[in-house]
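> Can you look at this prediction? I've put the sequence above it.
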Amino acid sequence: MPVTKQCERCEGNYLVAPRKANDSRFCSRACQQAKKAVVKKICAACGKEYEAWLCRAEHSTYCSMKCRNKGYESKALQGYSKRCNECRGVKSLSEFSQVFHRGKLRYRSKCRACLRACHSSEQVKERQKLAYLQDRERRLDKNKEYIKVRTRELRAQIINSYGGKCVCCGESTLEFLAIDHIFDDGAQHRRESKLRGLAFYNWLIKQGCPKTFQLLCHNCNTAKAFYATCPHKTDAPTLKHGVNKNGEAMRRHVYKLRIETFAAYGGQCACCGESALEFLAIDHVNGGGSKQRRELKRRGVNFYRWLKKQGFPQGEYQALCHNCNMAKGFYGECPHGRIKERAA
């Protein structure tokens, strides 16, 4: 049967086992520590006795914040003064601001006027600007990492909601899949909504993954964009916008130039061996494709012409299918490489 005892610290009743009743003095460890760690002192402002922590007893002067404020006001009124370390002037304590230092409220070494002058100086502004820029870079790096992780999480969620594989060829590798606008209005939708990447994935989830979108691999999606249909559905793809005679003639010229270009680079994907011309793209082996295109101001057929004029340089460029090229661009490597390593 528990025994009721009174705590020597808080004077509250508590229960204790009979075998410990003779030795028990406190209701909790906090009361035990408090009893041992406090000393009695007299407040310098009100004259009342109060308990102070033993570790702070040497610096403790007042029993409360109210008494502390009264004490400092009385010191300032009684003419207590202090020398400023900046201007070396002897001034009243009211001219100095206060700060907590080593557990005690103390007056600053510089007066208020000198502190204001220091904070408004050009050196301080430069230091603050540098600190802001460094912190901004840190926050941007942290934000980029969050966007990268969050984008991949939402992308995997959306791909699963759309079936997890290409509706055209059945490709199910996550890195090879893309969201396709079924009615071919992707460019218009991006211009109007200004949605890209993470913002687009968030919008899809809020809309409940609309049925106007479907899942295609990068090969099928790119072929559908540049040609009216995917080669998986027909053997004779035609240019989507080539409706007049001039357009058809240009289409045949471009097709011939593409055949010549990719024949010079092996005629198939250097990674997976895909040989369908509609699925192939020129890849920069060491990266930097976007930078070079901006410098040359050449894209598409103009870039093929530039390659032909340069004699189809080897070593810097290679042929990759759109799946391998996109995976290398977005993830740094193609999944086919990991598969080959596991097989070896």
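Received it, and whenever you're ready, just let me know what you need. Keep in mind that this is a model prediction, so the values were computed, not measured. Numbers count the residues shown, from 1 in each chain.
> what's the residue closest to the geometric middle of the protein?
In the chain, the centroid-proximal residue (CA atoms, centre = their mean) is residue 143; its distance is 2.1 Å.
> Quickly find the element holding it.
Using DSSP states H and E, the element containing residue 143 is helix 122-161.
> Buried residues, that helix. List them.
Going by neighbour count (16 or more other CB atoms under 10 Å), the buried part of helix 122-161 is 151, 154, 155, 158, 159. All C-beta atoms are positioned from the backbone trio N, CA, C, and that covers glycine.
> how much space between the last one and residue 217?
Spelled out, that is residue 159. Distance from residue 159 to residue 217, counting by CB to CB, to the nearest Å: 11 Å.
> ditto for the third one
Noted for residue 155: a distance of 14 Å to residue 217, by CB to CB.
> same thing with the second one?
Spatial separation of residue 154 from residue 217 under the definition CB to CB is 19 Å.
> part of a strand, is residue 281?
Yes: applying DSSP: H, G, I helix; E, B strand; the rest coil, one finds residue 281 inside a strand.
> still on that earlier bit, ok, the residue nearest to the centre of the chain - contacts?
Shown here is residue 143, which makes no contacts under the criterion CB atoms under 8 Å, 6 or more residues apart in numbering.
> Then residue 13?
Applying CB under 8 Å, 6+ apart, one finds that residue 13 lies in contact with 4, 5, 6, 7.
> among these, which are in helices?
Secondary structure of the contacts of residue 13 is defined by DSSP state H; no position falls in helices.
> Got a ChimeraX select line for the buried ones in the residues you listed?
With 16+ other CB under 10 Å as the criterion, this ChimeraX line picks the buried residues out of the contacts of residue 13:
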select :5,7
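> Let me have the contacts of residue 13 in TSV, extended by distance to residue 46 and pLDDT.
Listed next are the contacts of residue 13 as TSV, based on distance: CB to CB, whole Å; pLDDT from 0 to 100:
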residue	distance to residue 46	pLDDT
4	37	88
5	34	88
6	30	88
7	28	84
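> Including distance to residue 265, could the contacts of residue 13 go into TSV?
Supplementary listing: the contacts of residue 13 in TSV, determined by distance: CB to CB, whole Å:
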residue	distance to residue 265
4	92
5	90
6	92
7	87
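> before we move on, the earlier item: would you convert the buried residues of helix 122-161 into a markdown table that also reports pLDDT and distance to residue 86?
Putting the buried residues of helix 122-161 into a markdown table (pLDDT from 0 to 100; distance: CB to CB, whole Å) gives the following:
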| residue | pLDDT | distance to residue 86 |
| --- | --- | --- |
| 151 | 88 | 52 |
| 154 | 90 | 55 |
| 155 | 90 | 58 |
| 158 | 91 | 61 |
| 159 | 91 | 64 |
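> got the residues you listed as a markdown table, with distance to residue 257 columns?
Rendered in a markdown table, the data for the buried residues of helix 122-161 read as follows (distance: CB to CB, whole Å):
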| residue | distance to residue 257 |
| --- | --- |
| 151 | 36 |
| 154 | 39 |
| 155 | 35 |
| 158 | 37 |
| 159 | 35 |
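> right, and the pair among the residues you listed with maximum separation?
With CB to CB as the measure, no two of the buried residues of helix 122-161 lie farther apart than 151 and 159, at 12.2 Å.
> what stretches of the stretch 151-300 of the chain score poorly on pLDDT?
In the predicted model, the stretch 151-300 of the chain carries pLDDT under 70 at residues 234-250.
> Checking my notes, residue 100 in a helix, right?
No: counting by three-state DSSP, residue 100 is located in no helix; its state is strand.
> who are the neighbours in contact with it?
residue 106 are the contacts of residue 100 under CB under 8 Å, 6+ apart.
> Would you map the strands across the protein?
Listed in chain order, the strands found in the chain under DSSP state E are 3-6, 13-16, 38-42, 49-53, 81-83, 90-92, 98-101, 104-107, 177-181, 213-217, 280-284, 317-321.
> Of all those strands, which one is nearest residue 337?
Minimum separation from residue 337 across the strands of the chain (CB to CB) falls at strand 317-321, 12.0 Å.
> quick one on the thing from earlier: need the strands of the chain in CSV with distance to residue 121, can you?
What follows is the strands of the chain, written out as CSV (distance: least, CB to CB, whole Å):
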stretch, distance to residue 121
strand 3-6, 62
strand 13-16, 60
strand 38-42, 43
strand 49-53, 40
strand 81-83, 22
strand 90-92, 20
strand 98-101, 20
strand 104-107, 22
strand 177-181, 54
strand 213-217, 58
strand 280-284, 50
strand 317-321, 56
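> Of all those, which one comes closest to residue 123?
Among the strands of the chain, the nearest to residue 123 by CB to CB is strand 98-101 (21.4 Å).
> Which among the strands of the chain is found nearest to residue 298?
Taking these one by one with CB to CB, strand 280-284 is closest: 11.4 Å.
> for that closest one, packing partners?
In terms of contacts (3 or more CB pairs under 8 Å, 6 or more residues apart in numbering; DSSP states H and E), strand 280-284 is packed against helix 245-264, helix 301-309, strand 317-321, helix 322-331.
> buried set for the first one?
So that's helix 245-264. Of the residues in helix 245-264, those scored as buried under the neighbour-count criterion (16+ other CB under 10 Å) are 251, 254, 258, 261, 262, 264.
> these two touch, right, residue 27 and residue 8?
No: counting by CB atoms under 8 Å, no contact exists between residue 27 and residue 8, whose distance comes to 9.1 Å.
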